[in-house]
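# One predicted model, sequence on top.
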Amino acid sequence: MLTTRFVNGAPNWIDVGSPDIEGAASFYGALFGWSFRSAGPDAGGYGFFQLDGRTVAGGMQTGPDQGPPAWTVYFQSEDAQATAKAAEEARGRVLFQPMDVLGQGRMAVLADRAGAPFGVWQPGRTKGVELAGEPGSLCWVELYTPDIAAAAAFYRRVLGLETSAPFPGGTYTCFNPDGAGEDAMFGGMVPLADDPTEAEAGPYWLPYFEVEDTDAVVEQAQRLGGTVRLPATTMEGVGRMARLADPYGVRFAVIRSERRQG
């Protein structure tokens, strides 16, 4: 699971682009207890979602020319420019060129070989989110992709990620930073062919947020205008999870991890 002990290659930031950031703030505020704070007049409408005073995500209002509403997962890079170049060399694309962000760090938005968008964040004054792996914060990420082997090779080359298959006989493949070992696993890959509902959406990264009660969060999401993409399901050894979408179609998942049971 994720922590805020960030290392290169691991997720260190996440933000949402929404056609209605005020509506999104209301939805996630009621769902996770987040508050939304503007990053200031120079930030172009960007702001921070916070939980008990600690930043858990970012967000901003986006238009149709900026792509569909979505969460973007950012991975730590010591050199955003070099990572963008590596992505191009690995047959990916640079969607937004590396740029400085108000002295807080450098960012870029890329796409892998299959077209799944993701970001990189080169820390400056802002290292990353201030809370991870706890209720109301990012705890896991999942890549839905048509070709597991090709995706593994891409992210190995671009972010230095290692892969493993911790579940005997299954197709689930996990990521961990280079040399960090399986104890540092932060996400996994799922073949799109295994899930027709996700295949419709195409390749993408899905963020998971830790919660205290998966079923209660699912019910609350529906009351708030969200939709259920996968009903609450228990996976032995993992936890109880559900896949949802906010009122604007932005996909995300929630889980009460087994380590939090009891």
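Yep, it's here.
# buried sites along stretch 219-236?
Going by neighbour count (16 or more other CB atoms under 10 Å), the buried part of stretch 219-236 is Gln220, Ala221, Leu224, Gly226, Arg229, Ala232. Backbone N, C-alpha and C define where each C-beta goes, glycine included.
# hmm, I was thinking of stretch 163-175
Thr163, Tyr172, Thr173, Cys174, Phe175.
# wait, what's in contact with the third one?
Yep, that's Thr173 we're talking about. Thr173 makes contacts with Ile148, Ala152, Thr163, Ser164, Ala165, Gly188, Met189, as judged by CB atoms under 8 Å, 6 or more residues apart in numbering.
# show me what contacts Asp195?
Tyr144.
# Could you list which of the buried residues of stretch 219-236 belong to helices?
Counting by DSSP state H, the buried residues of stretch 219-236 place Gln220, Ala221 in helices.
# could the buried residues of stretch 219-236 be laid out in a markdown table, adding distance to Gln66 and pLDDT?
Below are those laid out as a markdown table (distance: CB to CB, whole Å; pLDDT from 0 to 100):
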| residue | distance to Gln66 | pLDDT |
| --- | --- | --- |
| Gln220 | 28 | 98 |
| Ala221 | 24 | 98 |
| Leu224 | 24 | 98 |
| Gly226 | 22 | 98 |
| Arg229 | 23 | 95 |
| Ala232 | 32 | 98 |
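# Closest one of the buried residues of stretch 219-236 to Phe209?
Of all those, Phe209 sits closest to Ala221, with 11.1 Å by CB to CB.
# Hmm, Arg243 and the closest one touching each other?
No: with contact defined as CB atoms under 8 Å, Ala221 and Arg243 do not form a contacting pair (10.6 Å).
# Convert the C-alpha atoms of the one helix or strand Leu206 maps to to PDB, please.
Element membership for Leu206 (DSSP states H and E) is strand 204-210. Provided in PDB are the C-alpha atoms of strand 204-210 (Å, rounded to 0.1, in the frame of the first residue of the first chain):
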ATOM      1  CA  TYR A 204      -6.500   4.000 -17.900                       C
ATOM      2  CA  TRP A 205      -5.200   4.200 -14.300                       C
ATOM      3  CA  LEU A 206      -7.800   3.700 -11.600                       C
ATOM      4  CA  PRO A 207      -7.100   5.200  -8.100                       C
ATOM      5  CA  TYR A 208      -8.300   3.400  -4.900                       C
ATOM      6  CA  PHE A 209      -9.100   5.400  -1.800                       C
ATOM      7  CA  GLU A 210      -9.100   3.700   1.600                       C
END
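# pLDDT of it, averaged?
Regarding strand 204-210, the rounded mean pLDDT is 97.
# Name every strand pairing with that strand and say which way it goes.
Counting by DSSP bridges, the strands paired with strand 204-210 are strand 138-145 (antiparallel), strand 251-257 (parallel).
# Give me the residues contacting stretch 27-41.
Outside of stretch 27-41, the residues within contact range by CB under 8 Å, 6+ apart are 21, 25, 45-52, 56-59, 102, 136, 209, 211, 217, 220-221, 224-226, 246-247.
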